[in-house]
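*Asks:* how would this look folded up:
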Amino acid sequence: MVTSISDTTMALVLILSILLVFCSGPAIAELTRIDQPTKSDGSLSLLVVGDWGRRGNYNQSLVATQMGRIGEELDIDFVISTGDNFYENGLTGVNDTAFEESFSNIYTAKSLHKPWYTVLGNHDYRGDVLAQLSDAVRRIDPRFTCMRSFIVNAEIADFFFVDTTPFVNKYWTDPEDHHYDWREVSPRETYIENLSKDLDSALKESVATWKIVVGHHTMRSVSEHGDTKELLKSLLPILKAHEVDFYVNGHDHCLQHISSIDSPIQYFTSGGGSKAWRGAFRPNSDMLQFFYDGQGFMSLRLSPLEANFVFYDAFGRVLYEWGLAKVVTRKLFHPAAM
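*Replies:* Numbering: from 1, shown residues only. Have a look, this model is predicted:
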């Protein structure tokens, strides 16, 4: 005799399935999250430097000295590195002396003994990427936190660190280019799709006052590399959709601020940590606010209502200041609208 499932049982199964879907909620982004405390007044201060790792050469040591001085003045909470941490070809392994010679022995000021949140650059991908991402180098210097993509949650601000190198076509297709360490990245299409989805989900979930995305490659730039078309196509729409305030990068060896003409996004390049590219200038269609084709770094101070950026040269002189006031609005719940 064949026993059929009763209508009541089928209805219960259907109800449980529906409840499971609603209770599970949206998928949580897979990006690692790090909690970064703010100061007692709820503010943050930090430095941003990129394209630095040259064993102190090309004025890297000079820039580091001034970073230490400004870091003390601002009582910074952490440092952001925008990538290309070790030239020319990344680290050769976890015992590569370049790590200490370009990082630990250079950024010695007490004020710089704070967390360094770091992304990979294209030069880092030319070496042993897994070494740079490993716990072994963190045991050598605990300040150094480098991951492919991750989030720093700092109460008033969420910093989304994005691994931009795999997005750039020429690193995969140009036979004349260098060797790149694509372990844990290939197949490329899957990696990029998953990272884009995770970033989209994380930005959607963020309720922070300030949303800041950090990557190595430029979105907009008037220097040597110019705009990165792959990022404009794949990542910029995600940033616009979720009202990101600032995109911060390195890659071009200069200091610059560009305002978008079609969104509120502000683009900041801090790639002057060592070797600079004098005389490289390529105007683009956005609004150039500031450009300096020399060495230096950037500071950022954030409060719940204001963001203040300052660019410094290799001698610690202020080159440019820019600020933005944030108008925070709350969405009121109206039962009648349900």
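*Asks:* dump stretch 42-56 to PDB, keeping only the CA atoms.
*Replies:* C-alpha atoms of stretch 42-56 as PDB (Å, rounded to 0.1, in the frame of the first residue of the first chain):
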ATOM      1  CA  GLY A  42      35.100  58.800  19.100                       C
ATOM      2  CA  SER A  43      37.600  60.200  16.600                       C
ATOM      3  CA  LEU A  44      40.400  58.500  14.600                       C
ATOM      4  CA  SER A  45      43.700  59.700  13.200                       C
ATOM      5  CA  LEU A  46      46.000  57.800  10.800                       C
ATOM      6  CA  LEU A  47      48.700  58.000   8.200                       C
ATOM      7  CA  VAL A  48      48.600  56.700   4.600                       C
ATOM      8  CA  VAL A  49      51.800  55.800   2.700                       C
ATOM      9  CA  GLY A  50      52.400  53.700  -0.400                       C
ATOM     10  CA  ASP A  51      55.000  52.300  -2.800                       C
ATOM     11  CA  TRP A  52      57.800  52.500  -0.100                       C
ATOM     12  CA  GLY A  53      59.800  49.300   0.300                       C
ATOM     13  CA  ARG A  54      63.300  50.200  -1.000                       C
ATOM     14  CA  ARG A  55      65.500  49.500   2.100                       C
ATOM     15  CA  GLY A  56      65.500  53.200   2.900                       C
END
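*Asks:* may I see the buried residues of it?
*Replies:* Across stretch 42-56, burial judged by 16 or more other C-beta atoms under 10 Å covers 43-56. Using the backbone N, CA and C atoms, a C-beta is placed for each residue, glycine as well.
*Asks:* flag the shaky bits of the protein, pLDDT-wise.
*Replies:* 1-29, 328-338 (pLDDT under 70).
*Asks:* what segments of it are helices?
*Replies:* Ranges of helices within the chain are 7-24, 60-74, 98-99, 129-132, 135-140, 170-173, 188-205, 229-234, 236-241, based on DSSP state H.
*Asks:* for those helices, which one sits closest to Arg278?
*Replies:* Among the helices of the chain, helix 60-74 comes nearest to Arg278, with 15.6 Å by C-beta to C-beta.
*Asks:* list of residues touching that closest one?
*Replies:* Helix 60-74 is contacted from outside by 45, 47, 49, 52-54, 56, 79, 102, 106-112, 114, 272-274, 295-297, 299, 301, 312, 314-316, using C-beta atoms under 8 Å, 6 or more residues apart in numbering.
*Asks:* rewinding a little: and the helices of the chain as a markdown table, adding mean neighbour count and distance to Pro37?
*Replies:* A markdown table is the format used below for the helices of the chain (neighbours: other C-beta atoms under 10 Å; distance: least, C-beta to C-beta, whole Å):
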| stretch | mean neighbour count | distance to Pro37 |
| --- | --- | --- |
| helix 7-24 | 9 | 31 |
| helix 60-74 | 20 | 16 |
| helix 98-99 | 21 | 27 |
| helix 129-132 | 20 | 26 |
| helix 135-140 | 14 | 20 |
| helix 170-173 | 13 | 37 |
| helix 188-205 | 16 | 20 |
| helix 229-234 | 14 | 31 |
| helix 236-241 | 17 | 26 |
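*Asks:* can you list the ones you listed in CSV and add distance to His123?
*Replies:* Formatted as CSV, the helices of the chain follow (distance: least, C-beta to C-beta, whole Å):
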stretch, distance to His123
helix 7-24, 42
helix 60-74, 14
helix 98-99, 11
helix 129-132, 11
helix 135-140, 16
helix 170-173, 11
helix 188-205, 19
helix 229-234, 18
helix 236-241, 24
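*Asks:* please name whichever of those helices is nearest to Leu288.
*Replies:* Using C-beta to C-beta, the helices of the chain put helix 229-234 closest to Leu288, at 16.7 Å.
*Asks:* run through who's touching the closest one.
*Replies:* Thr164, Phe167, Val168, Asn169, Ile192, Ser196, Gly215, His217, Thr218, Met219.
*Asks:* show me where the stretch 151-300 of the chain has strands.
*Replies:* In the stretch 151-300 of the chain, the strands defined using DSSP state E, counting those that start in this stretch lie at 157-162, 210-215, 246-249, 255-259, 266-270, 287-292, 296-302.
*Asks:* dump those to JSON lines, plus mean neighbour count and distance to Leu203.
*Replies:* Shown next, in JSON lines, are the strands of the stretch 151-300 of the chain (neighbours: other C-beta under 10 Å; distance: least, C-beta to C-beta, whole Å):
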{"stretch": "strand 157-162", "mean neighbour count": "26", "distance to Leu203": "7"}
{"stretch": "strand 210-215", "mean neighbour count": "24", "distance to Leu203": "6"}
{"stretch": "strand 246-249", "mean neighbour count": "26", "distance to Leu203": "12"}
{"stretch": "strand 255-259", "mean neighbour count": "23", "distance to Leu203": "20"}
{"stretch": "strand 266-270", "mean neighbour count": "26", "distance to Leu203": "16"}
{"stretch": "strand 287-292", "mean neighbour count": "16", "distance to Leu203": "24"}
{"stretch": "strand 296-302", "mean neighbour count": "24", "distance to Leu203": "18"}
